[in-house]
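Participant: sequence plus the predicted model coming up.
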Amino acid sequence: MDCGNCAKTIEISLKKISGITKASVSFATGQVKVSYDPQQVSEAEIKNRLTALGYIIEQTASKTLQVQVSGMDCGSCAKTVETGVQQIPGVFEVGLSFATGRLKVSYDPQLVSEVVIYDCVARLGYTVESNPTAIPANANSSSSREQNPNSNSSSKPSTSQPIRPLARIRKPRKVHS
């Protein structure tokens, strides 16, 4: 991207696609974040639009951190932690089960570290237990892109994907001969 107007043009173009509920493009980081209904539009269609606009898509490398959180008294405590961790730049998805105390965070290790996530939980008044597990996101047995970590079995599942980075994009460099 050459400027902030490029980012705005991409956002406008993506929002015209049926099924996209939110699109955000950061000129500074080159990241595209999209919230969409997978029953109406596929990730491939979104990427095709970006390519058609003249951008090269670079997949974001992500990791998934799974830790135990203690000190929660109710479901609202779990929601507080989820909301707080989701605000960290570089965090894609957050899920926390009050029943099990299991926090699962998908994040970009180039933008955020595990220590930042731990500190956020501590600032909110909760404790991260030792022995965390950080695994590459693509090593999960089920795709995190197909699940909504904020839904529970007693409520109607949402078909809309949470807003998350889809890809980094950049304009191809011109080759002079």
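Facilitator: Here it is on my side, so go on.

Participant: wait, residue 23 touches residue 41, no?
Facilitator: No - with contact defined as CB atoms under 8 Å, residue 23 does not count as touching residue 41 (11.2 Å). All C-beta atoms are positioned from the backbone trio N, CA, C, and that covers glycine.

Participant: which one's more surrounded, those two?
Facilitator: Remark: of residue 23 and residue 41, residue 23 carries more neighbours, 21 against 18, as counted by other CB atoms under 10 Å.

Participant: ok but residue 21 is inside a helix, no?
Facilitator: No - under DSSP: H, G, I helix; E, B strand; the rest coil, residue 21 falls outside any helix and is assigned strand.

Participant: give me the neighbour count for it.
Facilitator: A count of nearby residues for residue 21, using other CB under 10 Å, gives 13.

Participant: now swap in residue 56 and tell me
Facilitator: 13.

Participant: show me where pLDDT drops low in this protein?
Facilitator: For the chain, residues meeting the criterion pLDDT under 70 lie at 1, 59-60, 130-177.

Participant: ranges for the strands of it?
Facilitator: Shown for the chain, the strands assigned by DSSP state E span residues 20-26, 31-36, 56-58, 63-70, 91-96, 102-107, 127-128, 133-136, 164-170.

Participant: tell me the domain boundaries of the chain?
Facilitator: Per the record, the chain has its domains at 4-58+161-170, 63-146, by automatic domain parsing.

Participant: return the distance of the shortest one from the chain's centre.
Facilitator: The chain centroid and the centroid of domain 4-58+161-170 are separated by 13 Å, computed with CA atoms, centre = their mean, to the nearest Å.

Participant: pick the most deeply packed of the strands of the chain.
Facilitator: Ranked by average neighbour count under the criterion mean count of other CB atoms under 10 Å, those are headed by strand 91-96 at a mean of 23.

Participant: angle of that one against strand 63-70?
Facilitator: Relative orientation of strand 91-96 versus strand 63-70 (axes from the mean of the first three to the mean of the last three CA atoms, to 10 degrees): 30 degrees.

Participant: partner strands of strand 91-96, with direction?
Facilitator: Sheet pairing of strand 91-96 (DSSP bridges) gives strand 102-107 (antiparallel).

Participant: what residues does the strand it pairs with touch?
Facilitator: 62-69, 81, 85, 88, 90-96, 117, 121, 128, 137, 144, 149, 164 (CB atoms under 8 Å, 6 or more residues apart in numbering).

Participant: try 6 Å
Facilitator: If you take CB atoms under 6 Å, 6 or more residues apart in numbering as the criterion, strand 102-107 is touched by 62, 64-67, 69, 85, 90-96, 117, 137, 144.

Participant: same check, this time on stretch 10-25
Facilitator: Residues lying outside stretch 10-25 but in contact with it, judged by CB under 6 Å, 6+ apart, are 7, 32-37, 40-41, 160, 163.
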